[in-house]
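Student: Make a model of this:
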Amino acid sequence: MTDSPPAQDIVHKGISPESPEARARGVGTTAHGRLSNLGISKRFWVVLKRVAVGTYTDGFTYAGNLAYLSLVTLFPFFIVAAAVAQLFGRSAEGIRTLEAFLQTVPPDVANVLRKPVADVLQARTGSLLWLGALVGLWTTAGFIETLRGILRAAYGVQTSTPFWRYRLGSIGMIVAAVVLAMAAFSFQIVLTAVEQFVYRLLPLSTEVQTLLSVTRFAPALALFGALYMLFYSLTPRKYRGTECHKWPGPAFVTIWWMATTALLPLVLSSLGGYDLTYGSLAGVMIALVFFYIIGLGLVVGAELNAALAEVPHERLEQGRQKEDGTS
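Tutor: Residues are numbered from 1 along each chain as shown. Below you'll find the model as predicted:
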């Protein structure tokens with residue numbers, strides 16, 4: 001069950017004054033306007049302002065939390081992946097899932113994470129693996145709950161649902177994410193094999209080769225699909241309707257993620273001096289910087305969805321009446 005904080009508390013609880021709930025109560029500068037009634041240029045600036053205000057409110061704090069939690073929960077997540085893979089009789093899939101994930105991060109970050117995570121996965125077998133998986137489920141669920149908190153703050157919604165119910169839901173989402181990640185990885189292997197077969201069988205068929213070259217975008221498509229399901233599942237129920245688009249946020253985060261993966265190594269190489277500043281911890285610091293940037297992108301994606309959410313007409317009318325009554 002979700003509740004909406006009183007108008008006077010909106011700005012005191014880390015909730016953006018431009019969130020949908022704040023707009024419905026007459027708290028923002030664009031409180032009573034609907035995007036559908038605005039021109040394209042005006043709509044762009046209104047959405048940009050909503051996103052900027054929402055991100056500034058608590059976005060940088062959330063990004064820092066996500067950067068820390070990403071490192072803390074990365075090992076438990078892949079332990080869970082290894083346990084689920086063993087359950088299906090495919091023990092090697094745990095390592096393959098790790099490699100698939102490392103393809104979506106900059107090389108420096110991948111080099112830092114590959115050996116420690118692989119060593120942990122290889123060291124855990126039998127009952128030790130399952131014990132680690134149970135602890136990993138609980139730990140990783142904290143990351144999901146942080147994302148839920150980001151989306152609730154973006155929409156200005158609070159909840160009275162018991163903690164344990166949300167925690168169980170988060171654990172279910174983690175298991176589903178592991179299974180889907182393995183399925184996506186298997187599908188990518190099949191596509192790569194088909195592409196190589198066609199290249200050898202039809203070396204001059206440029207049309208077919210061009211079509212199959214789309215498989216190179218498989219990691220981005222898989223990332224978008226995972227983010228879309230995550231955003232949809234964690235968005236407050238009242239904002240899952242057709243008037244509230246869910247795809248812009250995941251699309252933005254996917255582009256942001258891929259751009260960060262491509263550009264961060266170039267930026268770091270131009271700056272230099274990381275080894276001199278952080279010594280043996282330089283790789284860990286690069287990983288933290290990467291996850292911080294990704295976390296900030298997740299916050300912006302959540303704020304973008306909230307900025308595009310249309311408040312129902314009846315709630316706008318209630319907001320106008322409350323404003324008129326206090327003026």
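Student: where do the helices sit along the stretch 101-250 of the chain?
Tutor: 107-123, 126-155, 163-201, 206-212, 218-234, 248-271 (DSSP state H, counting those that start in this stretch).
Student: what angle sits between the fifth one and helix 126-155?
Tutor: So that's helix 218-234. Orientation check (axes from the mean of the first three to the mean of the last three C-alpha atoms, to 10 degrees): helix 218-234 against helix 126-155 gives 70 degrees.
Student: Quick check: buried residues in helix 218-234?
Tutor: Buried residues in helix 218-234, counted by 16 or more other C-beta atoms under 10 Å: 218-219, 222-224, 226-231, 233-234. Where C-beta positions appear, they are placed from N, C-alpha and C, glycine not excepted.
Student: swap in the second one?
Tutor: Along helix 126-155, the positions that meet the burial threshold by neighbour count (16+ other C-beta under 10 Å) are 129, 132-133, 136-137, 139-141, 143-155.
Student: Between helix 248-271 and it, find me the angle.
Tutor: 110 degrees.
Student: which strands and helices sit next to helix 126-155?
Tutor: helix 40-87, helix 163-201, helix 218-234, helix 282-308 (3 or more C-beta pairs under 8 Å, 6 or more residues apart in numbering; DSSP states H and E).
Student: Serialize those to JSON lines and add fields for mean pLDDT.
Tutor: Output for the helices and strands packed on helix 126-155, formatted as JSON lines (pLDDT from 0 to 100):
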{"stretch": "helix 40-87", "mean pLDDT": "85"}
{"stretch": "helix 163-201", "mean pLDDT": "64"}
{"stretch": "helix 218-234", "mean pLDDT": "83"}
{"stretch": "helix 282-308", "mean pLDDT": "90"}
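Student: Out of those helices, which is closest to residue 98?
Tutor: For residue 98, the closest of those is helix 40-87, at 5.4 Å, according to C-beta to C-beta.
Student: how far off helix 107-123 does the closest one point, in degrees?
Tutor: Going by the same axes, to 10 degrees, helix 40-87 makes 30 degrees with helix 107-123.
Student: for the helices of the stretch 101-250 of the chain, which one sits closest to residue 291?
Tutor: Closest among the helices of the stretch 101-250 of the chain, once you apply C-beta to C-beta, is helix 107-123, at 8.3 Å.
Student: who's in contact with the closest one?
Tutor: 74-75, 78-79, 82, 94-95, 98, 102-103, 105, 264-265, 268, 283-284, 286-287, 290 (C-beta atoms under 8 Å, 6 or more residues apart in numbering).
Student: Show me what counts as buried in that helix.
Tutor: When burial is assessed from 16+ other C-beta under 10 Å, helix 107-123 yields the following buried residues: 108-110, 112-113, 117-118, 120-121.
Student: ok, so of the residues you listed, who is nearest residue 63?
Tutor: After measuring the buried residues of helix 107-123 against residue 63 - C-beta to C-beta - the closest member comes out as residue 109, at 16.3 Å.
Student: how close does that closest one sit to residue 293?
Tutor: Noted for residue 109: a distance of 11 Å to residue 293, by C-beta to C-beta, to the nearest Å.
Student: burial measure for residue 43, as a count.
Tutor: Using other C-beta atoms under 10 Å, residue 43 has 16 neighbouring residues.
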